[in-house]
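K.L.:
I'd like to go over a predicted model; first the sequence, then the structure.
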Amino acid sequence: MGTLAFTSPTGQETGQGPFRPPEPKTIEELGINQNILIDLMLKMTLLEGQTNLNRLSDNIKISIQLCGAIFSHLRKEQYLEVKGMAGNDYEFTLSQAGRKLAQDRYQISNYIGPAPVSLNAYNQAVRQQAKRQNVSREKLKTVFKDLVLEDSMLDQLGPAIVSNSQIFLYGSTGNGKTSIAERLVRVFDDNVYVPYAIEIQGQIVNIFDTVVHEPLEQEEGVDGRWIRCTRPCIAVGGEMVKEMLELRYEETLGYYTAPLQMKANNGMFIIDDFGRQMMNPRDLLNRWVVPLDRRIDFLSLRTGVTFPVPFETLVVFSTNLDPRQLADEAFLRRIQNKIKIDVVTPEIFDGILKMVCKNEGVEYTVEASRYAQERCKVSSRTAVLRACYPRDLVAITKNISDYEGKPPVFDKDHIDRAVVLYFARWLGSPIVPQIS
């Protein structure tokens, strides 16, 4: 067992200048064990049967010159057999000894893909790409252009985003916490480089995830083991379990998959419906005390080796539960930005309804808005207005109109019928819909 030391970036301060990994010119500049490159070339040749240096270079993501150096070594050791030339390129396959070695390596690890980068290179890259966002009220109005928020709410969100720390959104259900959290990623207007994989003591950890990372057009002269992406955003809800926060060793594949917070580095990690996960919320908070406080997370290989990685992600907790029931005072103190998303005012309700009607092609009237507000207050258990009511009621009235084969209408009759369906109770005489 042991712990790998964390080496901080040298000559580079966090967030100073754009990160652009240069293309390595030598095997040494790759920063990883040469045996990993040998294994990748052998396994990839085994998979293809017959290949050439250009294809290997494209797949392993290192220059054809470096592939040529590995090729020369394997040919000298009689692991490869040259079958001919394709232009200036060698066409080759594995020898009998090479096939046996490749099969042995494949049994140990099925990983066949881009060459990994070193742990230290990854840590430096994440630190350098950490960034305090330049946010203003006007920029937030653009970010939340499809929501109706008061300036006072924007003025709370702005400093929280600038802190690049943690944000705790809380308040009763239906008032837009999830909608706000999901749109926060729009403040990121730049891109980052993410490695396909990293190498730690001969073990490969896969990081790039097509579900999480959105690739952009790649630049010339950049290390191909890194892929330029938009800043990542991961959102999880009640399905989250503690195993998602640790390295996962794929027994059948022989390599590791990075945990969610590592994939979200240099981006955002949203934990929606916090407190309703399959894991106890206090277990999650205890797991993240050090990462949230020191911006360093510690992960472990199954061999017992523990190593540090940066924890440079904007974590957004969203819950409709009382924060005091979820965490103790010491932990809540570590989360500097706690923002209550409260019930909406009549003016905000009216603004949301106006926007929804415009988007859905339904005629808006002031009278219908006032009537809908009255019906919602009377029919809801709490007698308050929520941000979700306009969207949901308009959707129901459209469904009613579609069912009757008529153009969508948002009037008193349709509002009454929608309220009955939506709130599942009516404080008065039942309404009998007239269906023609």
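P.N.:
Received the coordinates, thanks. Note that the coordinates shown come from a computational prediction; the quantities given were computed from them, not determined experimentally.
K.L.:
Centre of the chain to the strand or helix carrying residue 307, how far?
P.N.:
Under the criterion of DSSP states H and E, residue 307 resides in strand 305-310. Centroid separation between strand 305-310 and its chain, computed with Cα atoms, centre = their mean, to the nearest Å, is 20 Å.
K.L.:
Which is the succeeding secondary structure element to that strand?
P.N.:
Counting by DSSP H and E, the next helix or strand C-terminal to strand 305-310 is strand 314-319.
K.L.:
could you say what helices and strands that next one packs with?
P.N.:
Contacts defined by 3 or more Cβ pairs under 8 Å, 6 or more residues apart in numbering; DSSP states H and E place strand 314-319 against strand 166-170, helix 177-183, strand 268-271. From N, CA and C alone the C-beta is placed, and that goes for glycine too.
K.L.:
Give me the sheet partners of the shortest one and which way each runs.
P.N.:
Which is strand 268-271. Paired strands of strand 268-271, with direction, are strand 233-236 (parallel), strand 314-319 (parallel) (DSSP bridges).
K.L.:
would TSV of these with distance to residue 260 and mean pLDDT be doable?
P.N.:
Below are the strands paired with strand 268-271 laid out as TSV (distance: least, Cβ to Cβ, whole Å; pLDDT from 0 to 100):
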stretch	distance to residue 260	mean pLDDT
strand 233-236	5	93
strand 314-319	11	91
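K.L.:
Please identify the deepest-packed of those strands.
P.N.:
Compared across the strands paired with strand 268-271, strand 314-319 shows the largest average neighbour count, a mean of 24 (mean count of other Cβ atoms under 10 Å).
K.L.:
What's the local residue count around residue 214?
P.N.:
Other residues lying near residue 214 total 12 when counted by other Cβ atoms under 10 Å.
K.L.:
List the buried residues of the strand holding residue 307.
P.N.:
Of the residues in strand 305-310, 307, 308, 309, 310 count as buried by neighbour count, 16 or more other Cβ atoms under 10 Å.
K.L.:
hmm, back to that, need the helices and strands packed on strand 314-319 in a markdown table with distance to residue 225 and mean neighbour count, can you?
P.N.:
Converted to a markdown table, the helices and strands packed on strand 314-319 look like this (distance: least, Cβ to Cβ, whole Å; neighbours: other Cβ atoms under 10 Å):
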| stretch | distance to residue 225 | mean neighbour count |
| --- | --- | --- |
| strand 166-170 | 31 | 22 |
| helix 177-183 | 31 | 20 |
| strand 268-271 | 24 | 22 |
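K.L.:
doesn't residue 52 make contact with residue 68?
P.N.:
No. Using Cβ atoms under 8 Å, residue 68 is not in contact with residue 52, being 10.9 Å away.
K.L.:
Looking at those two, which has the bigger crowd around it?
P.N.:
Applying other Cβ under 10 Å to residue 68 and residue 52 shows that residue 52 carries more neighbours, namely 21 against 15.
K.L.:
looking at the sheet around that one, what are its partners?
P.N.:
For residue 52, the beta-bridge partners under DSSP bridges are residue 91.
K.L.:
Now residue 299: phi and psi?
P.N.:
Main-chain dihedrals, residue 299, degrees, to the nearest 10: phi -120, psi 160.
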